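Structure here, sequence nowhere to be found:
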Ligand SMILES: Cc1ncc(COP(=O)(O)O)c(C=O)c1O
């Protein structure tokens, strides 16, 4: 009897172990082929043409809205499909065995991706979830203050509004200069908003309206000596900028990998700096930061593995190279659009405050009309940038909301010069 149980147990383990090479389903080989092909390309145009082949966007569709949601390369979606299908052959042994272990490995890859330690990394579903976890894990008293801006996305500000409504915390909103002229101007306005009760500063890494990159390292030099926690809504950064969280100096950071990292939809990262983990202690992380834990529960492991493959994809191309390409296309678009008199640039002009997200306000035509014509007539997707206090629930803030008549453009590695030039020409035509 005992022997039979042993043989049965052994068979199960063998089956699970045998599954592993099959599960890998050629991801490594496919990325290796991509790397070899890239090495053999004969210049930038050739290189990005080769990279573009990895994507599965509908023919003719031009996607300039990675800031909302990116396009995953086929190697990512294939990996998820394969892992899901194979996992179901023996869910029990896979979720708690080899597939679950592979999902857990994604945490170390994530730590490497953003310049953190694995003990500081959590795999989440999106920025909003990460920000909620951060806010729920800070012991704030009634009257304590959180300083944020009037540009926040709901995913970065609802958590603070909740604490205001239910815990008596006060949320202060800094009115962003528009556009910000330089770093010194931003830091001056920022410091003016700090009070003796400020316990948390919550800023975006990249502004969801204007695409401005916040000077977080300079902000951290102000907040850290005062014991203020610097929390960052980094929704747009990983996968667009080559992020190093240690250099940024933030205490906590939440991001959405389904945007610029081109990961499966519903993938995010959360970082909590080791030195402040006693001050930021969300309930969900009570049992640790692992993908599975008693306080986090069972996860979609196949999907998390796909998240890791998206990181491998970026690493195969080179994170600096990806950042340079996003910026290069953004700058090209920027210089075209600057020639159109009815458009005004809202993104700062300095490279250190700029990114692959660029925004222009439009004079004399509703932005909805432009985005509609671009899509209906040319199959081009761009985003209407939100206004200030866009997600406010408090009547006092709602009253201050301004609707910017703006268009926001995201340029990623699946875009190219021809698409950028065509977009600019169509906008010029639409605006007459
Ligand atoms: C700055 C910022 N924060 C948070 C979010 C919300 O992202 P998610 O829905 O992935 O949580 C967005 C979405 O566009 C955003 O731009």
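Arrived safely. From a predicted model like this one, the values you see are computed outputs, not experimental measurements.

how deep is residue 328 tucked in, by neighbour count?
16 (other Cβ atoms under 10 Å). For the C-beta atoms, the positions are set from N, CA and C on the backbone; glycine is no exception.

I misspoke; the intended subject was residue 338.
Neighbour count of residue 338, defined by other Cβ under 10 Å: 14.

Distance-wise, check it relative to residue 172.
34 Å (Cβ to Cβ, to the nearest Å).

before we move on, what about residue 400?
Following Cβ to Cβ, the distance that separates residue 400 from residue 172 is 13 Å.

Any figure for the gap between residue 382 and residue 246?
Noted for residue 382: a distance of 34 Å to residue 246, by Cβ to Cβ.

higher neighbour count, the two?
A count of neighbours by other Cβ under 10 Å puts residue 382 above the other of residue 382 and residue 246, at 21 against 14.

In space, what's closest to that one - neighbours in sequence excluded?
residue 64 (4.8 Å; Cβ to Cβ, 6 or more residues apart in numbering).

Hmm, that neighbour is touching residue 422, no?
No. Counting by Cβ atoms under 8 Å, residue 64 stays clear of residue 422, with 10.6 Å between them.

So the two - more neighbours on which side?
residue 64 (23 against 14).

Tell me who's in contact with the more buried one.
380-383, 409-411, 415, 419, 423 (Cβ atoms under 8 Å, 6 or more residues apart in numbering).

Filter those down to the ones in strands?
Residues of these located in strands (DSSP state E): 380-381, 383, 409-410.

I'd like to know which helix or strand in the protein has the lowest mean pLDDT.
None of the helices or strands of the chain scores lower by mean pLDDT, DSSP states H and E than helix 2-24, at a mean of 43.

got any residues that touch both of residue 64 and residue 422?
What both residue 64 and residue 422 touch, as defined by Cβ under 8 Å, 6+ apart, is the set residue 380.

Report how many residues lie close to residue 45.
For residue 45, using other Cβ under 10 Å, the count is 12.

phi, psi of it?
Torsion angles at residue 45 (phi, psi; degrees, to the nearest 10) stand at phi -60, psi -50.

List, one by one, the residues from the stretch 101-250 of the chain near the ligand.
Taking Cβ under 6 Å from any ligand atom as the contact definition, the stretch 101-250 of the chain meets the ligand at 126-128, 153, 155-156, 204, 208, 233, 235.

Most neighbours among these, which one?
residue 233 (31 neighbours).

so that residue touches residue 149, yeah?
No. Between residue 233 and residue 149 there is no contact under Cβ under 8 Å: 10.1 Å.

so what sits against both of those two?
Joint contacts of residue 233 and residue 149 (Cβ under 8 Å, 6+ apart) are 203-204.

before we move on, the earlier item: let's have the contacts of residue 64 in CSV, adding distance to the ligand and pLDDT.
Shown next, in CSV, are the contacts of residue 64 (distance: Cβ to the nearest ligand atom, whole Å; pLDDT from 0 to 100):
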residue, distance to the ligand, pLDDT
380, 19, 98
381, 14, 98
382, 14, 98
383, 9, 97
409, 14, 98
410, 10, 98
411, 16, 98
415, 18, 98
419, 22, 98
423, 20, 98
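
With respect to residue 304, which of those residues is nearest?
Nearest to residue 304 among the contacts of residue 64, counting by Cβ to Cβ, is residue 410 at 24.6 Å.

Without its sequence neighbours, what residue ends up closest to the closest residue to the ligand within the stretch 301-432 of the chain?
Using Cβ to the nearest ligand atom, residue 386 is the residue of the stretch 301-432 of the chain that sits closest to the ligand, at 8.3 Å. Once flanking residues are discounted, residue 386 sits nearest to residue 209: 6.0 Å by Cβ to Cβ, 6+ apart.

isn't the one you found right next to residue 402, touching?
No. Using Cβ under 8 Å, residue 209 is not in contact with residue 402, being 10.3 Å away.

Compare these two (neighbour count), which wins?
Taking neighbours as other Cβ under 10 Å, residue 209 and residue 402 compare with residue 209 leading, 25 against 12.

do you know how far that one is from residue 387?
8 Å.

and for those two, which residues touch both?
Contacts common to residue 209 and residue 387, judged by Cβ under 8 Å, 6+ apart, are residue 404.

which sections of this protein are below the confidence cut-off?
By pLDDT under 70, the weakly predicted segments of the chain are 1-25.

same thing but at 50, please
1-23 (pLDDT under 50).

domains in it, as residue ranges please.
Domain ranges of the chain: 105-314, 319-430, per automatic domain parsing.

returning to that earlier point: any chance of the residues of the stretch 101-250 of the chain next to the ligand in a markdown table, plus secondary structure?
Listed next are these as a markdown table, based on DSSP: H, G, I helix; E, B strand; the rest coil:
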| residue | secondary structure |
| --- | --- |
| 126 | coil |
| 127 | helix |
| 128 | helix |
| 153 | coil |
| 155 | helix |
| 156 | helix |
| 204 | strand |
| 208 | coil |
| 233 | strand |
| 235 | coil |
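
for the residues you listed, which one is nearest residue 361?
residue 208 (15.1 Å).

Skipping adjacent residues, who's closest to the closest one in space?
Closest residue to residue 208 apart from its sequence neighbours, by Cβ to Cβ, 6+ apart: residue 153 at 4.5 Å.

The one you found and residue 386: what is the separation?
Applying Cβ to Cβ to residue 153 and residue 386 gives a distance of 7 Å.

List the residues that are in contact with both of those two.
residue 208.

Residue of the stretch 151-300 of the chain closest to the ligand, please.
residue 155 (2.9 Å).

need the contact list for that residue.
So residue 155 contacts 126-128, 131, 233, 235, 256 (Cβ under 8 Å, 6+ apart).

what would those residues look like in TSV with distance to residue 271?
What follows is the contacts of residue 155, written out as TSV (distance: Cβ to Cβ, whole Å):
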residue	distance to residue 271
126	14
127	12
128	15
131	12
233	12
235	13
256	13
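
Among those, which one lies nearest to residue 181?
Comparing those against residue 181 with Cβ to Cβ places residue 233 closest, at 23.0 Å.

who's in contact with the closest one?
Neighbouring residues of residue 233 by Cβ under 8 Å, 6+ apart: 127, 131, 152-153, 155-156, 202-205, 254.
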